[in-house]
Structures are given as structure tokens and as C-alpha cells.
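In: my questions are about this predicted structure, shown below with the sequence.
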Amino acid sequence: MKKRMFRLLLAACLLLGLTACEEEKTEETVPAALPAPTETTVETTEIPTEPAGPVLLEDNVEGKVCVGFMPTEAGSWRYAVIENQEAAVTAFEKATAAIYSDEWWIKGDRTRGLFVEYNGEIWDFVESGELVYALGRVKAEDAADLYALCEEAALAAGWKEPVKPEQLTGIISATLRQGENTVTLSDAASLEKLGAMLSAGTYELGGTGCPFTSMLDVALETGETLTVALATDSCGVWMSEGYYYEFAGDSQILYDLFGVAFPFGKMEIQ
């Protein structure tokens, strides 16, 4: 009897154990959640491009050989750093060490509209090819290497061939502009007077300190259109790429042709 009871108890325990195991086996297992796919972002690195040529600057760069000039449209001095500084320094030192005369300006000198600045010294190129400074003059052959570097940098930065007085004849139309204001002159008699004034301009040695914020676009019989800058004060001077020409004792004479009142530095379209 006791054995039977023991067996019954053992069978019951075994049965209970098997059931528990079965329940464990049949319990649904939830797989661990997979991480959500992340969006792959490919970062593109912009490759910097070198400028096509020297950048036009409003001031010189200290410690660099710079060429200076006055673009007509800018109306004031601008600078460009010569790209090959090693060659520029060598050429500058060679030229400035070859002073042959203590004369600065000689009668008949005309600037080329270019100068070179380095370590606080400003040297002007004149049309003869010579380099001049307060300390004296350098011959064209000694300044040739430096001029070639300066000319190359200036041209790449936008320097152009200057307009000459004799080109300003046969004007068939002229437009005066300052900022967003423009006035066009088409009267034949007035255009003849304008051409006579501009083409008779006399070279101003050393330039002027005038502001040049008015531009004059002239269309010629040849089909060409030329632009010069006009002094926006009382000086009767026009400028092209750093070349200055006096056309009248008072700028108002020209502005009157366009019906423009000009109260010293501020042009008002009427």
C-alpha cells in the first residue's frame, strides 16, 4: 500500500514536472527587436577652385608685392597680389637697387596707370618703361622683369587698355550714369560739343584727388562703345584706367549738356 502510494505520488510529481517543462517549451519567445535601419548620408566635400586670376582688392596686402591701378568702373585705386611672390620679390629688389638718377619726375613723363607697392614703398611705372620713386629713377631694362609681372597680374584682375582723347570723336549717343540714375544724350549739336570737350582733354601729370563716381558711355560712329569716368566734384576731368585728362575748368559745363545739376560731389538727375 505504501509502495503504491509512493508510486502514485512519484507519478504525479513526474506528470507535474513534464507539464511544466512542456509549458516552458510551448511558451512563445519574442525575438529581440532589430535596430531600425539608419539612413546612410554621404557627405560631399566641395573642392575649392582657384580663381581665374589675381583677386581685385581695395587695399594692398602687407608683406606682399602688389600691383596697383585704377579701373575706370571702380573709380578708385585697386590692388592685386602678384601670384609668383618669389619672382616678384627678386624682380623688385633687382629694380630698386638699380637707381641711376635722383630725379623723380622728368618733363614729359606719363604714368602707365600701374604702380608697384612693397614694404611701404610705392614705385610708379612711366610710359618710357622706367620705374620712378621719390628716391630716384630706374632704367626700363632694369625694371622690365618687374613690369611684366605687374602687367600680367593687373590684366588678370581686370585692368584694360585706357581710352585716349583722340578716340572720343564721332559720338552718336552718350549715356551718363551714377548708381541707378541714367541720362542719355542724343541731340546732335550737344553730342558734337561733348566730343569736342572730351577729345581736347589735356593729360594731367600725377592725376587728381577727385572722386570718380559718374560713368559716361559713348557710342561712336565706328560701332564701338567706350566708357570713361567723370570727376564728381567741380574739376573738369575725365579718367580712364588711371589716366587723367582735363577737359574744362568746371565740370558743370559737361553736366549741363545732360540737364544735370551737380552740387559738388552729388549728382542729381532733374
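Out: All right, it came through fine.
In: count of residues packed around Gly236?
Out: A count of nearby residues for Gly236, using other Cβ atoms under 10 Å, gives 21. C-betas here are computed from N, CA, C, even on glycine.
In: oh sorry, the question was meant for Thr96
Out: By the measure other Cβ under 10 Å, the count of residues near Thr96 is 21.
In: please put the alpha-carbon coordinates of stretch 244-253 into PDB.
Out: Provided in PDB are the C-alpha atoms of stretch 244-253 (Å, rounded to 0.1, in the frame of the first residue of the first chain):
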ATOM      1  CA  TYR A 244      43.600 111.700 -66.200                       C
ATOM      2  CA  TYR A 245      42.600 114.400 -68.800                       C
ATOM      3  CA  GLU A 246      41.300 117.900 -68.000                       C
ATOM      4  CA  PHE A 247      38.600 118.900 -70.400                       C
ATOM      5  CA  ALA A 248      37.200 122.100 -68.800                       C
ATOM      6  CA  GLY A 249      37.800 124.500 -65.900                       C
ATOM      7  CA  ASP A 250      34.500 123.400 -64.400                       C
ATOM      8  CA  SER A 251      32.700 120.100 -64.700                       C
ATOM      9  CA  GLN A 252      29.300 121.700 -64.700                       C
ATOM     10  CA  ILE A 253      29.900 122.700 -68.400                       C
END
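In: hmm, who's touching that stretch?
Out: Here stretch 244-253 makes contact (Cβ atoms under 8 Å, 6 or more residues apart in numbering) with 165, 197-198, 200-204, 207-208, 230-239, 254, 262.
In: quick one: buried residues of it?
Out: By neighbour count on 16 or more other Cβ atoms under 10 Å, the buried set for stretch 244-253 is 244-248, 251.
In: pLDDT weak spots in this protein?
Out: 1-53, 262-270 (pLDDT under 70).
In: repeat that with 80
Out: Applying pLDDT under 80 to the chain flags residues 1-53, 105, 205-207, 261-270.
In: look up which residues are beta-bridged to the closest residue to Val163 other than its chain neighbours.
Out: Once flanking residues are discounted, Val163 sits nearest to Ser240: 4.0 Å by Cβ to Cβ, 6 or more residues apart in numbering. Residues in a beta bridge with Ser240, per DSSP bridges, are Tyr243.
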